[in-house]
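Q: this is a predicted model, with the sequence first.
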Amino acid sequence: MKHVLQNKKYKNRELDILQQLQHENVVRLHHSFFMEEKQGTFLNLVMEYVPETLSKALKNTHATKTFLPAHQIRLYTRCLLQALQY
């Protein structure tokens, strides 16, 4: 779940964009709702759970001082390019 403070000066287009996207390599939006808190209005985005991300994989390889295997790099690259092409 993503919890985002809404700035009244700017229109947040993330919700509109996520509602339109439907691709196997783009995280799906399941539900959204607004909450009023002391700091202001927050948009809550309930998205698909993704256990392994490129960011986590890179942090893990950095921490263990290893490299991603070539087949995994190709897989991440292909998925990213397909999502961008969409």
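A: Done, it's in.
Q: can you map out the strands along the protein?
A: Assigned by DSSP state E, the chain shows strands spanning 2-5, 29-37, 40-47.
Q: what's the burial count for the nearest residue to H31 once chain neighbours are set aside?
A: Nearest non-adjacent residue to H31, counting by CB to CB, 6 or more residues apart in numbering: V46, 4.2 Å away. Just so you know, the C-beta spots here come from the backbone N, C-alpha and C atoms, and that holds for glycine as well. Counted with other CB atoms under 10 Å, the neighbours of V46 add up to 13.
Q: related to what we said a few turns ago, buried deepest among the strands of the chain, which one?
A: Among the strands of the chain, strand 40-47 has the highest mean neighbour count (mean count of other CB atoms under 10 Å), at a mean of 14.
Q: pick out the residue closest to the middle of this structure.
A: V27 (5.9 Å; CA atoms, centre = their mean).
Q: right, and that one touches V50 too?
A: Yes - counting by CB atoms under 8 Å, V50 is a contact partner of V27 at 6.1 Å.
Q: dihedrals phi and psi, the nearest residue to A57 once chain neighbours are set aside?
A: Of all residues not flanking A57 in the chain, L68 sits nearest, at 6.3 Å (CB to CB, 6+ apart). Backbone torsions for L68, taken as degrees, to the nearest 10, come to phi -70, psi 140.
Q: measure L68 to N44 for me?
A: For L68, the distance to N44 equals 33 Å [CB to CB, to the nearest Å].
Q: same deal with N25?
A: 24 Å.
Q: longest helix in the protein, by residue count?
A: Counting by DSSP state H, the longest helix found in the chain is helix 70-85.
Q: ok, and for it, which residues are buried?
A: Neighbour-count burial for helix 70-85 flags Y76 (criterion: 16 or more other CB atoms under 10 Å).
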